[in-house]
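> Quick one: sequence and predicted model below, then my questions.
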Amino acid sequence: MLARLVLILTMACSVPAWAQQNVRVPVEERGRTVQLAAQLFKPAATPGRVPAVAIFHGCGGPGQNTARMAGLLASWGYAALVVDSFSARGLKDICGRNWPTQADAEARAYDVDAALAWLGTQGFVDPQRLAVMGYSYGGGVALLRALSGNPNETAPLPARAVVLVYPDCALADVLGPKLTVRQPTLFAMGALDDWTPPAQCRAVIDRVTRGRDLVETRVYEGAHHSFDALGLPVRYLDGVGNRSKPGGCCGAHYGANEPAWKAFVADVQAFLAKAFAS
């Protein structure tokens, strides 16, 4: 057990280069097809089809944290698709004055379905073992697809598991007072997060009336928002939008916490292994 933990932590700090490929993911939007840029990370050659995880970035766009996680997933034998929801739409960073609206998030939720559909058509991917991982704003978007306010919904999210990393849980307010979860869902949050506070996610989880046993939470002590931004000291960003504050403005802390990151890596590995094995 100790040797396995040491291996996990070693990989968390040093991720080798894996086979990477730039691809395009088509998504229908307002009567036209938008070709989203994406980066595909493939594991070393393995017999049979592999599980795959679609990764969705926060308000700052794809970054080192999403690429780092994709490399780790590849090292565990999974394919990982880091989806860029911004560049094809002429966006770069919407953390400040262009803070995304509820309508923006609901429109972006279709990117989740498009990415999963694309992965399901790849010959090396097992379409029955797909997962979604969303960070911050992207986590809130994934939350909109992972949870349902309609227990009779006929088109649930086609994923085996969902990982929500310090997600923007305020986006789920529109889903109503009673929520349904249909797949194992992990909430991973920093205890000191004042951008997407854990209290907001607890309030969402409290509204789950069906599938509550599928929800897991991890709250990392001493950690702020973006605890996985390794090498970045915690600082206060006074110009960012903040849905947890009155009027959605402004300011939040942001920065790394290496112990939280290492615990998070171990938690995600265990969670996905269990979900894909079932």
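Here it is on my side, so go on.

> what about the helices in the stretch 151-278 of the chain?
Listed in chain order, the helices of the stretch 151-278 of the chain (DSSP state H, counting those that start in this stretch) span 198-206, 258-277.

> do the same with the stretch 1-150 of the chain
All helices of the stretch 1-150 of the chain, identified by DSSP H, counting those that start in this stretch, fall at 2-13, 64-75, 102-120, 137-146.

> and the ones you listed, which is most packed in?
For the helices of the stretch 1-150 of the chain, the largest average neighbour count (mean count of other CB atoms under 10 Å) is found in helix 137-146, namely a mean of 28. Bear in mind the C-beta positions are built from the backbone N, C-alpha and C, glycine included.

> residues in contact with residue 27?
33-34, 36, 110-111, 114 (CB atoms under 8 Å, 6 or more residues apart in numbering).

> how close does residue 256 sit to residue 217?
Shown here: residue 256 relative to residue 217, a distance of 21 Å by CB to CB, to the nearest Å.

> sorry, back to before: will you turn the contacts of residue 27 into TSV that also has pLDDT and distance to residue 261?
What follows is the contacts of residue 27, written out as TSV (pLDDT from 0 to 100; distance: CB to CB, whole Å):
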residue	pLDDT	distance to residue 261
33	95	37
34	95	33
36	97	27
110	91	30
111	96	26
114	96	29
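
> farthest pair in those?
33 and 111 (12.6 Å; CB to CB).

> looking at the helices of the stretch 1-150 of the chain, which one has the lowest mean pLDDT?
Among those, helix 2-13 carries the lowest mean pLDDT, at a mean of 41.

> nearest residue to residue 147 other than its sequence neighbours?
Take residue 147 and drop its neighbours on the chain: the residue closest to it by CB to CB, 6 or more residues apart in numbering is residue 179, 4.8 Å away.

> same deal with residue 85?
Closest residue in space to residue 85, ignoring its immediate chain neighbours: residue 111 at 5.1 Å, by CB to CB, 6+ apart.

> Identify the residues contacting that neighbour.
Residues counted as contacts of residue 111 (CB under 8 Å, 6+ apart) are 25, 27, 36, 56, 83, 85, 141.

> neighbour-wise, which of the residues you listed leads?
Neighbour counts for the contacts of residue 111 peak at residue 141, which has 31 neighbours (criterion: other CB atoms under 10 Å).

> I figured that residue hits residue 171, correct?
Yes. Between residue 141 and residue 171 there is a contact at 7.1 Å, judged by CB atoms under 8 Å.

> what's the overlap in contacts for these two?
Counting by CB under 8 Å, 6+ apart, the residues touching both residue 141 and residue 171 are residue 105.

> any idea how far the residue nearest to residue 67 when sequence neighbours are not counted is from residue 23?
Nearest non-adjacent residue to residue 67, counting by CB to CB, 6+ apart: residue 82, 6.4 Å away. Here residue 82 is placed at a distance of 10 Å from residue 23 (CB to CB).

> and the closest residue to residue 46 other than its chain neighbours, how many neighbours?
Ranked by CB to CB, 6+ apart and with sequence neighbours excluded, the top spatial neighbour of residue 46 is residue 77, at 6.0 Å. Using other CB under 10 Å, residue 77 has 13 other residues around it.

> quick one, what contacts residue 77?
43-44, 46, 50-51.

> give me phi/psi at it?
Dihedral pair for residue 77: phi 100, psi 10, per degrees, to the nearest 10.

> rewinding a little: kindly reformat the helices of the stretch 1-150 of the chain as JSON lines containing distance to residue 223.
Shown next, in JSON lines, are the helices of the stretch 1-150 of the chain (distance: least, CB to CB, whole Å):
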{"stretch": "helix 2-13", "distance to residue 223": "15"}
{"stretch": "helix 64-75", "distance to residue 223": "13"}
{"stretch": "helix 102-120", "distance to residue 223": "24"}
{"stretch": "helix 137-146", "distance to residue 223": "15"}
